[in-house]
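Novice: could you work out the structure for the sequence below:
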Amino acid sequence: MANDAKTTQLQIRVSKREKAAIQGAAKRAGLDMSTYVLSRVLSAPAGRFRELIEATAGPAPSFALAELNSLLSKLSGGELREAVAAWPTIALTPYVANYAAAMVEYACGRRAMAPPAWTRSIVPLAEPVFASSLQSLRLHLLILSPAPFRRRNIFIDSTLGARI
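Specialist: Below you'll find the model as predicted:
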């Protein structure tokens, strides 16, 4: 988000009183009005979520998924709701998109909140993917994989908040 070039503008209509209130709040925060308004509208967790999802399109998605795991694990319910409200418009492999969606669904379930609507638009994998190629572990993974991952045909032993 910090490297995004500002190439467009947004205008909103406010009353003189609202403008003065925004100017005062921005001044108290030590920010110009644009930066202040953007900081209020675009939350830091939402920006970090978007960055990490975009990073999963790179050559090493597992590192970005691990960072996403850390982010989702530490967010409060309100921060989580705000962070995952929108799915970034980026093309991901079906596996990575499903893995990220399962992580979000799992995090939302841990906080007893409904997952965002965009998770339903990601079609589950047609073929199962196991975290290990060892045949002897498949039954273990089938049984212990968290429900959001199983629904997406991904079978893992470690979930959000856990490390292997």
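
Novice: what's in contact with the helix or strand hosting Val96?
Specialist: Val96 belongs to helix 94-110 when elements are defined using DSSP states H and E. When contacts are defined by Cβ atoms under 8 Å, 6 or more residues apart in numbering, helix 94-110 is touched by residues 53, 56-57, 61, 65, 68-69, 72-73, 75, 80, 84, 92, 114-116, 118-119, 122-125, 129, 146-149, 151-154, 159-160. In short, each C-beta sits where N, CA and C put it, glycine included.

Novice: just the residues you listed: which are in strands?
Specialist: Among the contacts of helix 94-110, DSSP state E puts Val129, Ile154 in strands.

Novice: per the record, what domains does this structure have?
Specialist: The record's domain parsing of the chain by automatic domain parsing lists 1-42, 44-155.

Novice: quick one: the residue at minimal distance from the centre of the chain and Lys16, what's the gap?
Specialist: The C-alpha lying nearest the average C-alpha coordinate of the chain belongs to Phe49 (Cα atoms, centre = their mean; 4.0 Å). As defined by Cβ to Cβ, to the nearest Å, Phe49 lies at a distance of 36 Å from Lys16.

Novice: with Ala97 instead?
Specialist: Ala97 sits 47 Å away from Lys16, going by Cβ to Cβ.
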